[in-house]
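# starting from these lines, generate the structure:
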Amino acid sequence: MKEHYGDIRVSQLPGFVVQCEIDRPPNNFFDLALIRDMADCFDALDEDSNCRAIVICSNGKHFCAGANFSTPDQTAEGDVLAAESADQRNPIYQEAVRLFGNKKPVIAAVQGAAVGGGLGVAMMADFRIVCDNTRLTANFVKLGFTPGFGLTHTLPRAIGIQKSHLLFYTGRRINGETALEWGAGDIYCAAEEIRERAIELATEIAENAPLALISLREQLRPGIQEAVQAATDIEGSEQFWLTKTKDHFEGVKAVSERRVGNFLAK
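Numbering: from 1, shown residues only. Predicted coordinates:
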């Protein structure tokens, strides 16, 4: 087993559990390289008999604070939405689709913020451990565009249509307690315990028959890869034209300046 895939650090733990740590502290911003490395890592773990469950966690203040909109080179027109036309599939989302096709159960330890595509990474997991400093937000509308990373499929599946619409339309954030209440989180704990609790759950899962776990996961997530592909095809196409608007650039500026955007529908 490789020790790392780019900024994904891999550790074999006792009890057939593998920890995959995003190592881009403090914010663990994502880009195409990170999601591709994660997908490569998960592909390899699918073939590793010493892995029956995966813990995805992060080194730093935040689980994944989304894309780095604070610098021009990381705007949605650049690394985040790298499609060259509205008809081309977004390369990041194609890597996300790969993640949804993997076989092993995934437990996410979501400390700090999971923002935008970072929330998409968290929702890819089968279970999420949340804590007293967890903050989840799909703040795309505040940035002048619409959700991605398959969230239009995965979030309603976890918390229901109306609560998902509330988060999507407002761009508001919820804390760990609300995440647990709504179903976006499965276990709530103190921040200093979050990784330990994620490993405990992964170990409890991994002590069971591995072929049965793989079969069960396929039954419980039927057609999820195809559904996420269909969702990201629409998400990517809509994001493409919206990121060309003046409102998007105002949204990025407004979020970086921590103010409400002055949007003009242009």
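
# contacts for the helix or strand of the chain with the lowest mean pLDDT next, please.
Sorting the helices and strands of the chain by mean pLDDT, DSSP states H and E puts helix 246-256 at the bottom, at a mean of 92. Outside helix 246-256, the residues that touch it by C-beta atoms under 8 Å, 6 or more residues apart in numbering are 69-70, 75-76, 139, 142-145, 242, 260-266. Glycine gets a C-beta too; all of them are placed from N, C-alpha and C.

# can we see that at 7 Å?
With C-beta atoms under 7 Å, 6 or more residues apart in numbering as the test, helix 246-256 has contacts from 69-70, 75-76, 142-145, 242, 260-266.

# what does stretch 180-197 give?
57, 109, 111, 127-133, 136, 158-159, 163, 174, 176-177, 179, 201.

# restricted to buried residues, select the residues you listed in ChimeraX.
Remark: buried members of those, expressed as a ChimeraX selection using 16 or more other C-beta atoms under 10 Å:
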select :57,109,111,127,128,129,130,131,133,136,158,159,163,174,176,179,201
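
# filter the contacts of stretch 180-197 down to just the ones in helices.
158, 159, 163, 176, 177, 179, 201 (DSSP state H).

# my guess is the last one contacts residue 105. True?
No - the pair residue 201 and residue 105 fails to qualify as a contact (C-beta atoms under 7 Å) at a distance of 9.3 Å.

# flag the shaky bits of this protein, pLDDT-wise.
70-86 (pLDDT under 70).

# angle of the longest helix along it against helix 246-256?
Identified as the longest helix of the chain according to DSSP H is helix 224-242. Counting by axes from the mean of the first three to the mean of the last three C-alpha atoms, to 10 degrees, helix 224-242 lies at 100 degrees to helix 246-256.

# show me the contact partners of helix 224-242.
Here helix 224-242 has contacts from 76, 81, 83, 86, 89-90, 93, 96-97, 100-101, 144-148, 150, 152-153, 248, using C-beta under 7 Å, 6+ apart.

# one more time with 8 Å, if that's ok
Contacts of helix 224-242 (C-beta under 8 Å, 6+ apart): 76, 81, 83, 85-87, 89-90, 93-94, 96-97, 100-101, 144-154, 248.

# can you check stretch 10-23 too?
1-4, 7-9, 28, 34, 38, 41-42, 45, 48, 50-60, 63-64, 199, 202-203, 206-207, 210.

# just those: which are in helices?
34, 38, 41, 42, 45, 199, 202, 203, 206, 210.

# isn't the first one right next to residue 6, touching?
Just to be clear, that refers to residue 34. Yes - using C-beta atoms under 8 Å, residue 34 is in contact with residue 6, at 6.7 Å.

# just the strands in the stretch 51-200 of the chain please.
With strands called from DSSP state E, counting those that start in this stretch, the stretch 51-200 of the chain shows them at 53-58, 106-109, 113-115, 127-131, 135-137, 173-175, 187-189.

# mutual contacts of residue 201 and residue 105, please.
residue 127.

# ok, and for stretch 12-19, which residues are buried?
Buried-residue list, stretch 12-19, by 16+ other C-beta under 10 Å: 13, 16, 17, 18, 19.

# same check, this time on stretch 88-103
90-103.

# do the same with stretch 23-31
Buried, per 16+ other C-beta under 10 Å, within stretch 23-31: 24, 27, 28, 29, 30, 31.

# residue contacts, the second one?
By C-beta under 8 Å, 6+ apart, residue 27 lies in contact with 60, 61, 62, 64, 65, 68, 113.

# columns neighbour count and distance to residue 231 on top of the residues you listed, output as JSON lines?
Compiled in JSON lines, these are given as follows (neighbours: other C-beta atoms under 10 Å; distance: C-beta to C-beta, whole Å):
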{"residue": "60", "neighbour count": "17", "distance to residue 231": "29"}
{"residue": "61", "neighbour count": "14", "distance to residue 231": "29"}
{"residue": "62", "neighbour count": "24", "distance to residue 231": "25"}
{"residue": "64", "neighbour count": "28", "distance to residue 231": "19"}
{"residue": "65", "neighbour count": "25", "distance to residue 231": "23"}
{"residue": "68", "neighbour count": "17", "distance to residue 231": "24"}
{"residue": "113", "neighbour count": "22", "distance to residue 231": "23"}
